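[1] Next come a sequence and a model predicted from it.
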Amino acid sequence: MAANVAPAKPWDARLAARLVAAFADTSLQPNHLTAVRLLVGVAAVLLFALGTHPLAASWVLVLSNFLDHTDGEFARMTGRFSRFGHEFDLFADRVVTVGLFVGIGIGLRQSNLGWPAIMMGLFAGGAVMCIFRLREHMERLGGKSATRQPQFAGFELEDILYLCPLVVLAGWLPVFLVAATLGAPLACLLFYIQYRRHSGAGGGL
């Protein structure tokens, strides 16, 4: 029987590894890179919430999404792993991703969606938070392989965020928020079904 072969790294992870390789012999720690990613991501959330510079916010989000790969690649390259670093990375992911939908909702309160946009952002963000919780439990049960994202031609599902500037330029940000409000709970349900398969009928959160 053929051995399982790990999928190739996504393109952005390969580029991130090349960029951080220059710092392998320095005192730089993966947590430093996580902190930078968190700060950049929060900046994107705040810009979206302002609602006045959505294109700038989208480009800052793209940078944050790319920086998300640098800490993990640097840790693997240097062997500088820590339990705190793993938890810090998960915390940064939750803050930036959940905050993204909340920020977009706040920023779109002056759009045709009106003030309900804020509730939509909170609803989508809440569903995403549930997905994070499920993924963390699945990882504890089945390891990293249990939560590995499907890839296609070197791209992962989360790489769709790189298209955010195009969404803003096309004027589709309200459509994106509506889609997230409908799609995030559905994705949460699918993750829950997957979680139950890993944990068994007696598994709990």
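    Nice, thanks for sending it over.
[2] Which element, helix or strand, includes residue 171?
    Applying DSSP states H and E as the criterion places residue 171 outside every helix and strand.
[3] For residue 69, list the residues it contacts.
    10, 12-13, 16-17 (C-beta atoms under 8 Å, 6 or more residues apart in numbering). Quick note: C-beta positions are derived from backbone N, CA and C, even for glycine.
[4] Give me the subset of those residues lying in helices.
    Taking DSSP state H as the definition of helices, these contribute 12-13, 16-17.
[5] Do a quick rundown of the helices in the protein.
    Under DSSP H, the chain gives helices at 11-20, 30-50, 54-67, 70-78, 83-107, 116-142, 164-169, 173-199.
[6] Quick check: the gap between residue 57 and residue 42.
    Applying C-beta to C-beta, to the nearest Å, the value for residue 57 to residue 42 is 11 Å.
[7] Which residue is the nearest non-sequential neighbour of residue 75?
    Nearest in space to residue 75, with sequence neighbours left out and distances taken as C-beta to C-beta, 6 or more residues apart in numbering, is residue 30 at 4.2 Å.
[8] Could you count how many residues lie near the nearest residue to residue 67 once chain neighbours are set aside?
    Nearest residue to residue 67, sequence neighbours excluded (C-beta to C-beta, 6+ apart): residue 37, at 3.9 Å. Residues lying near residue 37 (other C-beta atoms under 10 Å) number 23.
[9] In this structure residue 37 contacts residue 92, no?
    Yes - in this structure, residue 37 is within contact of residue 92 by C-beta atoms under 8 Å, at 5.8 Å.
[10] shared neighbours, those two?
    residue 68.
[11] hmm, back to that, out of the helices of the chain, the one nearest residue 157 is which?
    Nearest of the helices of the chain to residue 157, taken as C-beta to C-beta: helix 173-199 at 9.7 Å.
[12] That closest one packs against which elements?
    Under the contact definition 3 or more C-beta pairs under 8 Å, 6 or more residues apart in numbering; DSSP states H and E, helix 173-199 sits against helix 83-107, helix 116-142, helix 164-169.
[13] okay, those helices in CSV with mean pLDDT, distance to residue 25 and mean neighbour count next?
    Shown next, in CSV, are those (pLDDT from 0 to 100; distance: least, C-beta to C-beta, whole Å; neighbours: other C-beta atoms under 10 Å):
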stretch, mean pLDDT, distance to residue 25, mean neighbour count
helix 83-107, 96, 19, 19
helix 116-142, 90, 31, 19
helix 164-169, 97, 35, 17
